[in-house]
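Participant: Please work out how this folds:
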Amino acid sequence: MELGRQVFSVDLLERYAAKGHGVITCMAAGNDVIVLGTSKGWVIRHDFGVGDSNDIDLSVGRPGEQSIHRVFVDPGGSHCIATVVGSGGADTYYTHAKWTKPRILTKLKGLLVNAVAWNRQQITEASTREVILGTDNGQLHEIWVDEKDKKEKYMKFLFELTELPEAFMALQMETAGMSNATRYYVMAVTPTRLYSFTGIGLLETIFASYVDRAVHFMELPGEIPNRQ
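Facilitator: Numbers count the residues shown, from 1 in each chain. Take a look at the predicted model:
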């Protein structure tokens, strides 16, 4: 490489991205869409594919100051999940690119959602399919939303860490279609462990099977063979 040659360049994408709604606290991106959360409880969606943007105030009706804890957007840029926190506790919302109002997920009231795993192989603009949410108190929940219904199809509790309760910090889900079922592989990260869950059938059934068997995990940072 030539000495002094610039490897990367930085271009200004949006000068006033937060639109005066506080400072940016979190961000997520997918398919030319960037979703921002702010310190005043606003979620701002910039769609650079069509050159449009819109914003939602999640602090409405909540006492005191509010801030967006996390925002998540699917790889296609249609589905968004956001958690707002304040003196009244935490609430998590789902919204779709076509919606003007978000949907509060009442079963998650009081829980901080730290991580989301999208079903990337099966998700569509019209349906989230199975989505796994990881919380600050070590719980996993499943949600499915169809855009046309304007509400969640269901919300299910899946799993809770009991041996070493810790916050879930990141999630990843992969699926493989079989002749008459789906195989799931889910990875979940806490501050000290990497967990893995796998099985065939419904997510609820797969996670229920871990009540009677050990959960596979690796201590972090762990030992890396053949490292240099």
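Participant: For this protein, which residues score under the pLDDT cut-off?
Facilitator: Screening the chain residue by residue with the criterion pLDDT under 70, one finds the ranges 1-4, 13, 222-228.
Participant: how about the helices in it?
Facilitator: Counting by DSSP state H, the chain has helices at residues 203-208.
Participant: Tell me which residue is most central in it.
Facilitator: Within the chain, the residue whose C-alpha comes closest to the C-alpha centroid is residue 116; the distance, by C-alpha atoms, centre = their mean, is 2.7 Å.
Participant: tell me the contacts of that one?
Facilitator: Contact analysis of residue 116 by C-beta atoms under 8 Å, 6 or more residues apart in numbering lists 72, 81, 131-134, 171. In short, each C-beta sits where N, CA and C put it, glycine included.
Participant: in the sheet, who's paired with it?
Facilitator: Partner residues in beta bridges with residue 116, using DSSP bridges, are residue 133.
Participant: on that earlier part again, can you put the contacts of residue 116 in TSV and add neighbour count and distance to residue 193?
Facilitator: As requested, the contacts of residue 116 are arranged in TSV below (neighbours: other C-beta atoms under 10 Å; distance: C-beta to C-beta, whole Å):
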residue	neighbour count	distance to residue 193
72	25	22
81	27	24
131	25	22
132	25	17
133	25	18
134	28	13
171	21	13
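Participant: Could you measure from the closest residue to residue 115 other than its chain neighbours over to residue 88?
Facilitator: Using C-beta to C-beta, 6 or more residues apart in numbering and skipping the chain neighbours, the partner closest in space to residue 115 is residue 134 (3.8 Å). Taking C-beta to C-beta, to the nearest Å as the measure, residue 134 and residue 88 are separated by 22 Å.
Participant: What of residue 82?
Facilitator: Applying C-beta to C-beta, one obtains 16 Å for the distance of residue 82 from residue 88.
Participant: One more: residue 156?
Facilitator: From residue 156 over to residue 88 (counting by C-beta to C-beta), the distance is 25 Å.
Participant: if we can go back for a sec, isn't the residue nearest to residue 115 right next to residue 166, touching?
Facilitator: No. Taking C-beta atoms under 8 Å as the contact criterion, residue 134 and residue 166 are not neighbours in contact, 10.5 Å apart.
Participant: and the top strand by length along the chain, which residues are buried?
Facilitator: For the chain, the strand with the greatest residue count under DSSP state E is strand 151-160. Applying a neighbour-count criterion of 16 or more other C-beta atoms under 10 Å, the buried positions in strand 151-160 are 152, 155, 158-159.
Participant: Next, the residues that contact that strand from outside, please.
Facilitator: Residues external to strand 151-160 that are found in contact with it (C-beta under 8 Å, 6+ apart): 94, 103, 105, 107-108, 132, 138-146, 197, 203-204, 207, 210.
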